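Engineer: Quick one, what's the 3D model for this:
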Amino acid sequence: MRIAPAGIGEESSSARRRQSQGAVDRMLDVVPWYNGLPAPERAEIRAGLRLVSLRKGEYLFRMGARSPGWYGVVDGLVKWSSPGIDGKTLSLAGFSTGSWFGEATMLRAAPFDYEVIALRPSRVVILPRDICERLWNHNIAFTQALMMHLAQRVDWLMASYSGNVLLDVDTMVARAVAAQLAAESHSGTNGRLKISQEEIASLCGVSRQRCNAALTRLARDGVLQTRYGGLTILDSEALHEHAKLKSDAAPEREADA
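Structural biologist: Numbering: from 1, shown residues only. A predicted model of the protein is given here:
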């Protein structure tokens, strides 16, 4: 067994810590509500964030757990779903870089009635509830941002419910892709989404074969182009038409559901 020279472990740990801090800073740079706050509030939030790393298939939390605060995705992709008593799960949304979620449960100080699992290696920050509470009691900009997220959450849940009950697979897949396009709209990706067909299928709660068939039809209609490791959106307006959404209806940074 090779023994690392003295001090190497400490240096490696310090380098990883700096890399993680840089990733958090880059994520915050594309979060509109954070950048709209005064500098003292931004500094308080940044200092209070706690970083959690997840492996693919690892749960961030399960149903019944207590909320420690507000969650934000630094990188990766996690899925929000609701488990049923029959063992099946209802997929609700996906959260990617810059998405924030969990505010309703945090505000109610109640246990989670849903679960979040990583679809790929992911990093998530937690803004502790006590900091959130202090900010929403004393800072109108933060309170407005929180209320906007709640309003978007309601809209998204209503669309998700109608989608799971009324819509066909093609529309559900188009909505999942539109949500990811909205989630990455501030990241300068120019329509190139880093999301696999397997991940889209998981977000929609359909088989990979049915998802692939829907994506093939969207590609044939000139809406998008599939490529290794992701998709390129060719016509965002047509994507929203296929998703039966208004062009401005996909929630900001949502999958921020």
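
Engineer: distance between the ends of stretch 46-55?
Structural biologist: 24 Å (Cα to Cα, to the nearest Å).

Engineer: in the stretch 1-150 of the chain, which spans are strands?
Structural biologist: 50-54, 59-61, 69-75, 77-83, 89-96, 100-101, 115-118, 122-128 (DSSP state E, counting those that start in this stretch).

Engineer: how about the ones you listed in TSV, adding mean pLDDT?
Structural biologist: Output for these, formatted as TSV (pLDDT from 0 to 100):
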stretch	mean pLDDT
strand 50-54	95
strand 59-61	95
strand 69-75	94
strand 77-83	87
strand 89-96	79
strand 100-101	90
strand 115-118	94
strand 122-128	96
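
Engineer: Any idea which of the ones you listed gets closest to Glu198?
Structural biologist: With respect to Glu198, and counting by Cβ to Cβ, the nearest of the strands of the stretch 1-150 of the chain is strand 77-83 at 10.9 Å. Bear in mind the C-beta positions are built from the backbone N, C-alpha and C, glycine included.

Engineer: buried sites along the closest one?
Structural biologist: 77-81 (16 or more other Cβ atoms under 10 Å).

Engineer: likewise stretch 116-125?
Structural biologist: Buried, per 16+ other Cβ under 10 Å, within stretch 116-125: 116-120, 122-125.

Engineer: Quick check: end-to-end length of it?
Structural biologist: Start to finish, the residues bounding stretch 116-125 are 14 Å apart (Cα to Cα).

Engineer: Distance from it to the middle of the chain?
Structural biologist: 9 Å (Cα atoms, centre = their mean, to the nearest Å).

Engineer: same thing with stretch 94-101?
Structural biologist: With Cα atoms, centre = their mean, you get 2 Å for stretch 94-101.

Engineer: just the CA coordinates of that stretch, formatted as PDB?
Structural biologist: Extracted C-alpha coordinates of stretch 94-101, given in PDB (Å, rounded to 0.1, in the frame of the first residue of the first chain):
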ATOM      1  CA  GLY A  94     -36.500  17.400 -11.700                       C
ATOM      2  CA  PHE A  95     -34.200  19.900 -10.100                       C
ATOM      3  CA  SER A  96     -30.900  20.900 -11.800                       C
ATOM      4  CA  THR A  97     -28.200  23.600 -11.300                       C
ATOM      5  CA  GLY A  98     -29.600  26.700  -9.700                       C
ATOM      6  CA  SER A  99     -33.000  25.200  -8.700                       C
ATOM      7  CA  TRP A 100     -34.300  25.800  -5.200                       C
ATOM      8  CA  PHE A 101     -36.900  23.600  -3.600                       C
END
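
Engineer: Thanks again, I'm all set now.
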